[in-house]
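A.B. asks: return atomic coordinates for the entry below.
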Amino acid sequence: MRDPSFLAPEPQSAAPQQLPESAVTRPPPKHVWNIVAPNEKARTEKVVHIPVLDVQGSQGDGREVPDHEIVASQISVRESWLRRNLAFSAPGNLSIIAGVGDSMKPTFSDGDLLLVDRGVSEIRVDAVYVLELHNKLYIKRLQIRPDGAILMLSDNKAYEPYLIQEADMEFVHVRARVLMAWNANKL
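C.D. replies: Okay, here's the model as predicted:
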């Protein structure tokens, strides 16, 4: 007895089956976008892979310093672009962290990704830094005063400056300098 639902395969012919021309050739798409025109320089140029860390620096009242850092992803950037647009210690010292809070508005917004140079561990110029103070992580503008104290400033004028006295200097650890923010503005 044969099962009617079972069909034996048909024998294959010796000549391959040809598809109609209309099935093989398709008209070109109406819109072709050439986003990157490859050239020899682009193929040989060095790319820096910058780790995106699962770290949040507080642009406000401080965040607990993480016990460890996790690389969540990475962003790849041409080294020539970095060198043309930023001053940094070394490509291997670059990382990206998130800034949380509104104390650095309008410079940075809550949740902006910040490119930081972790090769910077001391304050030499007035700039925005990632610093640890009393085991809390901050992102603030730091200004060195003539008396040796450090003024911790917020760009948002709703926040008062904080003076780090000489007695607290042993609790201050510069973790990085903020070089730029990847801001996303809704249009």
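A.B. asks: where do the helices of this protein begin and end?
C.D. replies: Here the chain has its helices, by DSSP state H, at 21-24, 40-44, 79-85.
A.B. asks: mean pLDDT lowest for which of these?
C.D. replies: Sorting the helices of the chain by mean pLDDT places helix 21-24 lowest, at a mean of 44.
A.B. asks: do I have it right that E79 meets I50?
C.D. replies: No. With contact defined as CB atoms under 8 Å, E79 does not count as touching I50 (10.7 Å). C-beta here means a position set from N, CA and C on the backbone, and glycine is covered the same way.
A.B. asks: which one of those two is surrounded by more residues?
C.D. replies: In terms of neighbours (other CB atoms under 10 Å), I50 is the more surrounded of E79 and I50; the figures are 20 against 12.
A.B. asks: distance of the more buried one relative to V116?
C.D. replies: According to CB to CB, to the nearest Å, I50 and V116 sit 10 Å apart.
A.B. asks: now swap in Y129 and tell me
C.D. replies: 9 Å.
A.B. asks: what sits in contact with each of the two?
C.D. replies: Shared contacts of Y129 and V116, defined by CB atoms under 8 Å, 6 or more residues apart in numbering, comprise R175, A176, R177, V178.
A.B. asks: include pLDDT and distance to Q165 when you put those into a markdown table, please.
C.D. replies: What follows is those, written out as a markdown table (pLDDT from 0 to 100; distance: CB to CB, whole Å):
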| residue | pLDDT | distance to Q165 |
| --- | --- | --- |
| R175 | 93 | 20 |
| A176 | 95 | 23 |
| R177 | 97 | 22 |
| V178 | 96 | 24 |
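A.B. asks: what's F88 in contact with, if anything?
C.D. replies: Neighbour list for F88: L82, L94, D117, G119, L179 [criterion: CB under 8 Å, 6+ apart].
A.B. asks: touching, the first one and V48? I think so.
C.D. replies: Yes. Using CB under 8 Å, L82 is in contact with V48, at 6.0 Å.
A.B. asks: what's the weakest-modelled helix or strand in the protein?
C.D. replies: The helix or strand of the chain with the lowest confidence, counting by mean pLDDT, DSSP states H and E, is helix 21-24 at a mean of 44.
A.B. asks: you'd agree E166 is up against I144?
C.D. replies: No. Under the criterion of CB under 8 Å, E166 is not in contact with I144, lying 12.0 Å apart.
A.B. asks: give me the more crowded residue out of those two.
C.D. replies: The neighbour comparison of E166 against I144 (other CB under 10 Å) goes to I144, with 13 against 10.
A.B. asks: contacting residues for that one?
C.D. replies: Neighbouring residues of I144 by CB under 8 Å, 6+ apart: I123, D126, I150, L151.
A.B. asks: distance between the ends of stretch 151-164?
C.D. replies: End-to-end distance for stretch 151-164, by CA to CA, to the nearest Å: 6 Å.
A.B. asks: report pLDDT for I96.
C.D. replies: Looking at I96, its pLDDT reads 93.
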